[in-house]
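A.B. asks: requesting a structural model of the entry that follows:
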Amino acid sequence: RVHCMENVYERVNGARLIRITVSRRAGHWYASLTVERESAAPVSAPKLGTVGVDLGVKHLATLSDGTVIPNPRALGTRLKALRKSQKALSRKVMGSVRREKAKERVAKLHARVADVRADAIHKATSMIAGRYSVVCIEDLNVAGVVKNHHLARSLSDAALGEFRRQLEYKTARNGAVLRVVDRWYPSSKTCSNCGTVKAKLSLSERVFHCDACGLSLDRDLNAAVNIQVAGSAPETL
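C.D. replies: Numbers count the residues shown, from 1 in each chain. Purely as a prediction, here's the structure:
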């Protein structure tokens, strides 16, 4: 029997409570409730049209309508504190009380990083799935890109694979449509105005300049517009 400070049956709002799983993480206790309820119809809120989403490291996501979702850099901003705590842990004597306390400090930092990352992704994906009727994203090869040692930590910190996973089930739950553009489509190198494809575009170039029509646009916004156009193409449908 699990005694809770809150009324569990009020919390589940009339659903059938199947079980409660109690767990401990980083010094905190959690009660996870598994319930069974009738699937509610998606809320018919007013939705905008099609949007292209470009995922990245500098910004977590850039939308084709100009909306920019900042990257919280959950690990990057706490990396110095994490290294310091891990170094202090390595110096403690095995089996001592101080080592257990140091171990708990490291666990709390890791839990904080995971919570900040999850919070940012959940808020961003819920906003996109609830606001737009058609969402177009790129089929990123996250496993392949992470092999780049210069970007591995930043890409893992952004959790782009988790971003797409959440978009998949949230768009389905909200009655929206998710369209995935082919991973080989040169969204960043293509001019969103005239369609000219650049032969080369380095990661350091944050502004896209088109030599053909003279367009000058943020590279992430340019890619998002191209993803939106490609997502509306017949072959993508």
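
A.B. asks: for the rest of this, base every contact and every neighbour count on C-alpha atoms.
C.D. replies: Noted.

A.B. asks: so what's the residue most central in space within the chain up against?
C.D. replies: If you average the C-alpha coordinates of the chain and look for the closest C-alpha using Cα atoms, centre = their mean, you land on residue 163, 3.2 Å from that point. By Cα atoms under 8 Å, 6 or more residues apart in numbering, the contact list for residue 163 reads 121, 125.

A.B. asks: next secondary structure after the strand or helix carrying it?
C.D. replies: Secondary structure assigned from DSSP states H and E places residue 163 in helix 160-173. Following helix 160-173 in sequence order, the next helix or strand is strand 177-181 (DSSP H and E).

A.B. asks: quick one: strands adjacent to that following strand?
C.D. replies: Each strand pairing with strand 177-181, determined using DSSP bridges, is listed with its direction: strand 132-138 (parallel).

A.B. asks: ok, and what's touching the strand it pairs with?
C.D. replies: Outside of strand 132-138, the residues within contact range by Cα under 8 Å, 6+ apart are 47-54, 128-129, 175-183, 227-228, 231.

A.B. asks: what do you get if the cut-off is 6 Å, keeping everything else the same?
C.D. replies: For strand 132-138, contacts defined as Cα atoms under 6 Å, 6 or more residues apart in numbering pick out 47-53, 176-181, 228, 231.

A.B. asks: by neighbour count, which of those residues wins?
C.D. replies: Across these, neighbour numbers were computed from other Cα atoms under 10 Å; residue 52 holds the maximum, 29 neighbours.

A.B. asks: could you report the pLDDT at the spatially closest residue to that one that is not a sequence neighbour?
C.D. replies: Using Cα to Cα, 6 or more residues apart in numbering and skipping residues adjacent in sequence, the residue nearest residue 52 is residue 228, 4.0 Å away. At residue 228, the pLDDT value in this model is 92.

A.B. asks: so what does whichever helix or strand residue 228 is part of touch, helix or strand wise?
C.D. replies: Element membership of residue 228, judged by DSSP H and E, is helix 219-231. For helix 219-231, the packing partners by 3 or more Cα pairs under 6 Å, 6 or more residues apart in numbering; DSSP states H and E come out as strand 48-55.

A.B. asks: sheet partners, orientation included, of the strand it packs on?
C.D. replies: For strand 48-55, the pairing partners within the sheet under DSSP bridges are strand 59-63 (antiparallel), strand 132-138 (parallel).

A.B. asks: using PDB, write out every CA atom in that strand.
C.D. replies: As requested, C-alpha coordinates have been extracted for strand 48-55 and formatted as PDB (Å, rounded to 0.1, in the frame of the first residue of the first chain):
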ATOM      1  CA  LEU A  48      -2.400  27.400 -38.800                       C
ATOM      2  CA  GLY A  49      -1.400  25.800 -42.100                       C
ATOM      3  CA  THR A  50       1.900  24.000 -43.100                       C
ATOM      4  CA  VAL A  51       5.100  24.700 -41.400                       C
ATOM      5  CA  GLY A  52       8.700  23.600 -42.000                       C
ATOM      6  CA  VAL A  53      10.900  22.700 -39.000                       C
ATOM      7  CA  ASP A  54      14.700  22.800 -39.200                       C
ATOM      8  CA  LEU A  55      16.400  21.200 -36.200                       C
END
